[in-house]
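> predicted model follows, preceded by the sequence.
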Amino acid sequence: MSINATLIGQMITFALLVWFTMKYIWPPIMEAMEARKKKIADGLAAAEKGQEDMLLAEKKAKNVLKEVKEQSAEIISLAQKRANEIVEASKGEAKKEGDRLIEAAKAQIAQEMQQAQEGLKKEVSELALNAAEQILQAEIDKAKHKKILEQTAKQLGKA
Amino acid sequence: MSAEGGAQGYIVHHLTPLSVGEGFWTLHLDTLFFSVVLGGLFAWFFKSVADNVTDEVPGFAQNVAETLVEFVDTQVKDSFHGKNDLIAPLSLTIFCWVFLWNLMDLIPVDLLPLIGSLMGMEYLRVVPSTDLNATFALSITVILLTYFYSVKVKGLFGFLKEILCHPFGPWLFPFNLMLRLVEEFAKPVSLGLRLFGNLYAGELLFILIALLPPLIQPALSLPWAIFHILIITLQAFIFMILTIVYLSLACEDH
């Protein structure tokens, strides 16, 4: 347990080891750690910036969305208005068309009625004439009374 | 190992170094061998990390090395407020080297001496920090460095003035000088003896436990080994911290 030359050997070993550490070990490791520190700091800054950008974009998107909503509401109301107009217009047109159809039907009915009336009148007058002819066959000279008969027929046709 | 020489013989055998030479020129081969091997292990590990160092995602080895480097760097920056390229690498070397020395204490006490005896070595003491030469080599180097930096930072005159005029002023310089001498003597001795004492006592306890019946041994050696993990780390840490403190004192102007 005595101090001896081992001490000197140990001191030399120690000095060499410290020199080695100082020269080849400490600087590169320290450098890498600093570099990584910087990288991490940069990364964190970038992340923060990204987050800020995202918030900004979100805000922008919200605004755009709001604008779009307003626009769409406007468009919808416009469309509704237009649709109402169209409905109204078509309603009016339909009514007109209906009226026209009714008018036409009425006119046709009137016409047909007139035709029927006329046909009836003609038939009646013919019947009457026939009857009168049959009744008066013997006594009335056709040529003699032709004028009267024609007049009567005319009157019947007018009625 | 048989207890042929009795318990005392066993203990003495375990604490005797393998040495060559006579008198002062004795060399403790085991101390030198193991400290060089462990120093080489330390240098190899950190060098291989430093060669493949990357500032991208680090691997396991780099993570370990960086944790140690950062730990030491923090300690140095906490106590030392100047620019010095030596102190931090010195502290890292001391911490790792002493830790590896102390770690040898956890290898079963008979294992390496048994292998050594098979190779024809009569004695083998595997823990370098149980050799005063090893611990004093560190502490004396550290104290010499404090002188070097004292002179370098304050100048020779400033250093002498500090020795003679503190703490009682220039008129009481003999007392100042005496106090300083005691202090300068106490520094390396306490630094070296603290590490030596702790590890020597630890080793002795392991040896004593190894003398007990085999079935009782684990019950004692396990808790002591676990407790020793704390001690060996703590002693390495204390040695490093005191080194930093002494050097920063040397580098600071009063």
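Here it is on my side, so go on.

> where does chain A dip in pLDDT?
A:1, A:137-142, A:159 (pLDDT under 70).

> so which elements touch whichever strand or helix holds residue B:93?
For residue B:93, the enclosing helix or strand under DSSP states H and E is helix B:87-103. Packing contacts for helix B:87-103, counted by 3 or more Cβ pairs under 8 Å, 6 or more residues apart in numbering or on different chains; DSSP states H and E, involve helix A:6-20, helix A:26-136, helix B:29-51, helix B:60-79, helix B:132-165, helix B:173-210, helix B:217-251. Placement of C-beta: from N, CA and C, glycine included.

> list, one by one, the residues from the stretch 51-200 of chain B near chain A.
B:51, B:53-56, B:58, B:62, B:65-66, B:69-70, B:73, B:85-86, B:88-90, B:92-93, B:97, B:128, B:131-134, B:136-138, B:140-141 (Cβ under 8 Å from any Cβ of the partner chain).

> PyMOL command for the buried members of the residues you listed?
This is the PyMOL syntax for the buried subset of those, where burial follows 16 or more other Cβ atoms under 10 Å in any protein chain shown:
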select buried, chain B and resi 53+58+62+65+66+69+73+86+88+89+90+92+93+97+128+131+132+133+134+136+137+138+140+141
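
> so residue B:217 makes contact with residue B:210?
Yes. Between residue B:217 and residue B:210 there is a contact under Cβ atoms under 8 Å: 6.7 Å.

> neighbour-wise, which of these two wins?
residue B:210 (19 against 15; other Cβ atoms under 10 Å in any protein chain shown).

> what's stretch B:97-105 in contact with?
A:14, A:17, B:34-35, B:38-39, B:41-42, B:126-130, B:134, B:138, B:195, B:199, B:202-203, B:206, B:228, B:231-233, B:235-236, B:239-240 (Cβ atoms under 8 Å, 6 or more residues apart in numbering or on different chains).

> give the contact list for the residue in the stretch 151-254 of chain B positioned nearest to chain A.
Relative to chain A, the nearest point of the stretch 151-254 of chain B is residue B:200 (9.1 Å; Cβ to the nearest Cβ). Each residue near residue B:200 by Cβ under 8 Å, 6+ apart is listed here: B:15, B:130.

> just give me the residue right at the centre of chain B.
Closest to where the C-alpha atoms of chain B average out (Cα atoms, centre = their mean) is residue B:98, at 4.1 Å.

> so how far is residue B:224 from that residue?
20 Å (Cβ to Cβ, to the nearest Å).

> list the contacts for the residue nearest the centre of chain A?
By Cα atoms, centre = their mean, chain A has its centre lying nearest to residue A:79, at 8.3 Å. With contacts defined as Cβ under 8 Å, 6+ apart, residue A:79 is in contact with no residue.

> from chain B, how far out is it?
As for residue A:79, its distance to chain B is 59 Å (criterion: Cβ to the nearest Cβ, to the nearest Å).

> repeat that for residue A:156.
For residue A:156 relative to chain B (Cβ to the nearest Cβ), the value is 123 Å.

> low-confidence ranges, chain B, go.
For chain B (pLDDT under 70), the answer is B:1-5, B:253-254.

> I figured residue A:125 hits residue A:158, correct?
No. Using Cβ under 8 Å, residue A:125 is not in contact with residue A:158, being 10.5 Å away.

> which one of those two is surrounded by more residues?
Taking other Cβ under 10 Å, residue A:125 and residue A:158 do not tie; residue A:125 has more neighbours (18 against 7).

> in which helix or strand would I find the residue nearest to that one when sequence neighbours are not counted?
Spatially, and ignoring its direct neighbours in sequence, residue A:125 is nearest to residue A:156 (4.2 Å; Cβ to Cβ, 6 or more residues apart in numbering or on different chains). Secondary structure assignment for residue A:156, by DSSP H and E: helix A:146-158.

> residues touching that helix, excluding its own?
A:121-122, A:124-125, A:128-129, A:132.

> quick one: which of those residues is nearest residue B:179?
residue A:121 (161.9 Å; Cβ to Cβ).
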